[in-house]
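S.K.: Below is the structure, and that's it, no one-letter string:
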């Protein structure tokens, strides 16, 4: 492990003012933007974004030419014309609106193919984008395709720019799906020619000026009402051998009656001499479908590709959301059950680890520039009710840390100096100088209660125990970030440790408060510099060597948590990356036997799942929350998120009750879930990227304030200086 660096001196020059965004931050940002873009695209093609479901009531018809009102269903207003056409006798043009639909469109196509009939499909851009293969099948089987707008708004409410957008996007989707362009258009909510009014007629004229022929209908099957097969046939059948354009639907709901009606309607009218043609076949005109090549074709294909990618990614996200939901709930249930079992077991009056442990203990305090904290730390140890020696290992501090300890002149406190070599090296140096067989390790910014050491070493009454995890608590919880970390420590870390204790796969002895047998440490080679999470690394190594690792809930230590987002980011980035390193280092336990194999097949999967994979997927909850609130269904989304929050609150309250903490701190839990978790997500994602790209992270020294003291412990000397004073937290 690289030595912990001192603050670099800023270079002055032309490029000093320009700071590039690090790749480890740029990649998560780009990934987030891409994910948001995919969700927005999905929302657009599902008519959840920019959709307009208003329908204008009937209006006057005095501005509509009589020849249109009394004319045929094919309306041509191109190049200033005002003409209409009708389908010749004994010719029927079946038209299907609102598709394609993945369930019913193939069934309708099968019926048409069975009777060698053609039709015109007025497809929407949203459905075409989602099911392009069906549109391609329509064209390949000889049918014509027409525009029905992109997301089916009433165009009489829309501006010309919105109409242009609806048509161009609809055309783009058709081009991408089938490689064609169409000149046919049917307005949403259209009916017979005589239903044209003063609001819809200007739209028809404008659409004609864009080169499109408007197609309405002669007969309306009203199949969307599901009136029954015979009634659909009756409404669709023209009288006296007249030709007709028949309106049907292949999407928008259950269309089984439509399919059944077609299977009777087509052969019945074929026997009466009718042919079922495309519109241009019925009118003996050139095809409305023309092939597209070049740039326009590739634009369409790119659109379809992006929509399909958005659909697939969203599908994966939905599955991921279901998985993470099951994992979160499963983990909470497991934690509640096992942590409750652990608390009841260790709090029984007859519970004992074995004979009371009274032998003296060596306490190792690695310290690097801890001048603001070290006095509080050492004085809290001096008040211990268990016999100890204290070794402060000064790891090349430049702020006088060692001199402060020496000036205190406390009995049984020694200072060991070394050049800056990193925390693992400092702990190994302390271990070599320790006088006793039981070793307690703590951080230089942590304070113990008088009973902490005694409580911490009692599990060593069981000769199978090789290490003990203490109960680390946030001392500076009077800030918002501190309060959030307090919730995290009590709810996450300590409930987890109870659960892992019962399962005998404790993954981490916290650096702030942990105890070890010297023999156990020596057998695994002491503290390793292979990872940035030396506490997790040594814990896993002990499991693999056959030792038990347990949790002592009454061995409380008060540590100073980071007080700024930048410091929190640095700490958690190192923790996350170091945990990944430790998991990878000890992956061999998966195939080993005995105690090591048990840890490898129980502990490693749980740690990987709950500490690395699940937190990475957990942002899906918040992403879908935001998406659901903005685009709907808003109420269901909020209720679902509140349900998740309620589960979190129950677990947090239970954890606080087990740790005998005041519930008032849980007031900030909702805000923690919204803001604090996002920081943790990005930190974990950054750690993943660093690991996958082969990056190497170094230790980063956090700035300390020295405000933490143990409740009921000695009062530390007050800080002096220009900074604002902060009241110690108990």
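M.R.: Thanks, I have it. Nothing here was measured: the structure is a model prediction, and the numbers come from that model.
S.K.: What is the least confident helix or strand in this structure?
M.R.: helix 614-617 (a mean of 70; mean pLDDT, DSSP states H and E).
S.K.: Counting by contacts, list what the strand or helix carrying residue 429 packs against.
M.R.: Secondary-structure assignment from DSSP states H and E places residue 429 in helix 423-433. Taking 3 or more C-beta pairs under 8 Å, 6 or more residues apart in numbering; DSSP states H and E as contact, the helices and strands that helix 423-433 lies on are strand 361-367, strand 388-395, strand 413-418, helix 534-544. The C-beta positions use only the backbone N, C-alpha and C, and glycine is treated the same way.
S.K.: Check which helices and strands the next helix or strand along the chain from the least confident helix or strand of the chain is in contact with.
M.R.: As assigned by DSSP H and E, the chain's next helix or strand after helix 614-617 is helix 619-631. Where contact means 3+ C-beta pairs under 8 Å, 6+ apart, helix 619-631 is packed against helix 23-45, helix 294-346, helix 634-658, helix 677-692.
S.K.: Show the low-confidence segments of the stretch 201-350 of the chain, by residue range.
M.R.: Within the stretch 201-350 of the chain, no range satisfies pLDDT under 70.
S.K.: so which of the helices and strands packed on helix 619-631 gets nearest residue 368?
M.R.: helix 677-692 (22.5 Å; C-beta to C-beta).
S.K.: Can you give the distance of the closest one from its chain's centre?
M.R.: Relative to its parent chain, helix 677-692 has a centroid offset of 12 Å by C-alpha atoms, centre = their mean, to the nearest Å.
S.K.: distance of residue 41 from residue 309?
M.R.: Separation of residue 41 from residue 309 (C-beta to C-beta, to the nearest Å): 8 Å.
S.K.: Work out for me the element the closest residue to residue 43 other than its chain neighbours sits within.
M.R.: In space, and not counting its chain neighbours, residue 43 is closest to residue 49: 4.2 Å by C-beta to C-beta, 6 or more residues apart in numbering. Assessed by DSSP H and E, residue 49 sits outside every helix and strand.
S.K.: give the contact list for residue 49.
M.R.: Residue 49 is in contact with 40, 43, 631, counting by C-beta atoms under 8 Å, 6 or more residues apart in numbering.
S.K.: Let me know how buried residue 205 is, in neighbour terms.
M.R.: 14 (other C-beta atoms under 10 Å).
S.K.: Excluding chain neighbours, give the residue nearest to it in space.
M.R.: residue 77 (4.9 Å).
S.K.: Also residue 111?
M.R.: Residue 111 sits nearest to residue 262 (C-beta to C-beta, 6+ apart), 4.7 Å away.
S.K.: quick one: that neighbour from residue 236, how far?
M.R.: 9 Å.
S.K.: okay, and the common contacts of these two?
M.R.: Residues touching both residue 262 and residue 236 (C-beta under 8 Å, 6+ apart): residue 248.
S.K.: who has more neighbours, those two?
M.R.: Higher neighbour count among residue 262 and residue 236: residue 262, with 31 against 25, using other C-beta under 10 Å.
S.K.: Residue 467 - that's part of a helix, no?
M.R.: No: counting by DSSP: H, G, I helix; E, B strand; the rest coil, residue 467 is not found in a helix; it is strand.
S.K.: tell me the contacts of it?
M.R.: Residue 467 makes contact with 509, 514-517, 520, 538-539, 542, 547, 549-550 under the criterion C-beta under 8 Å, 6+ apart.
S.K.: partners of the longest strand that the chain contains in the sheet?
M.R.: Longest strand of the chain, by residue count under DSSP state E: strand 548-559. Partners of strand 548-559 in the sheet, by DSSP bridges, are strand 446-448 (antiparallel), strand 465-474 (parallel).
S.K.: Find out how far the helix or strand following that strand is from the centre of the chain, if you would.
M.R.: Using DSSP H and E, the next helix or strand after strand 548-559 towards the C-terminus is helix 565-585. Relative to the chain's own centre, helix 565-585 is displaced by 20 Å; criterion: C-alpha atoms, centre = their mean.
S.K.: Give the other helices and strands that helix 565-585 contacts.
M.R.: helix 480-487, helix 534-544, helix 604-607, helix 677-692.
S.K.: Quick one: name whatever helix or strand follows the first one.
M.R.: Proceeding N to C from helix 480-487, the next assigned helix or strand is helix 495-503, under DSSP H and E.
S.K.: Please consider this matter closed, and thank you.
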